[in-house]
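>>> mind looking at a prediction? Sequence and model below.
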Amino acid sequence: MTQLPAFVTRPLVDAYADALGPDVFPPAVTPAGTVVESGLTDGVPLRVVLDASRTLVLAVPVGAARVLLDADPLTVVWDDLTAGTSFERTPVDLPRPRLTLVVDERIADSAVVVEHRPIQLADNGRAQVEVVVDRLVVTAATLRAPGASGSRLVLRWRDLLVAADSGPAPTPRDPALDLVRRSAR
């Protein structure tokens, strides 16, 4: 039985700079993602259009609606800064915001929002987007009706369907380097 080494290393890109020559450069670092900011003025659920066929929907299950109707409109129902400050478990009755991916007008995948952690949403077993929620504040007024009430959503998303234009840097003394250099002339 063939065994893999205990660890696999990848040499630094700088080590390949000599093999690349002056006309070819290592691949650029891809951006962290597209930033989306919203004041949630349209209320919740909120639709965030990613592209022509994909949309994210932010929803908060309200549970007992009477509590929200009786509460002060500026009461904060969810705040990502205070949600994770305690070592205790989050109360079960606390409404947990969810992100749902809609692809071509059908529900693809859904996940609970965990701030500052990448969430990969898929469709038919294939990853579509990666979302990182940087800031989420939801007030009672936002869950009732549209309007400016102090709620806020800041997220970054990255398309997982497209690959980078260039792959890893070539290996020094690779015979394919000569072919690439000849075809570039």
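Sure, I can see it. Numbers count the residues shown, from 1 in each chain.
>>> which parts of the chain are strands?
34-38, 46-49, 54-59, 76-79, 98-103, 106-112, 119-123, 126-139, 152-159 (DSSP state E).
>>> what is the neighbour count of R144?
Number of residues near R144 (other CB atoms under 10 Å) recorded here: 17. Quick note: C-beta positions are derived from backbone N, CA and C, even for glycine.
>>> so what's the residue count around A148?
11.
>>> ok, it - contacts?
By CB atoms under 8 Å, 6 or more residues apart in numbering, the residues touching A148 are 39, 41.
>>> that older thread, so can I have a markdown table of the strands of the chain showing mean neighbour count and mean pLDDT?
Listed next are those as a markdown table, based on neighbours: other CB atoms under 10 Å; pLDDT from 0 to 100:
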| stretch | mean neighbour count | mean pLDDT |
| --- | --- | --- |
| strand 34-38 | 13 | 89 |
| strand 46-49 | 14 | 92 |
| strand 54-59 | 18 | 93 |
| strand 76-79 | 19 | 79 |
| strand 98-103 | 20 | 94 |
| strand 106-112 | 13 | 93 |
| strand 119-123 | 18 | 93 |
| strand 126-139 | 19 | 90 |
| strand 152-159 | 19 | 92 |
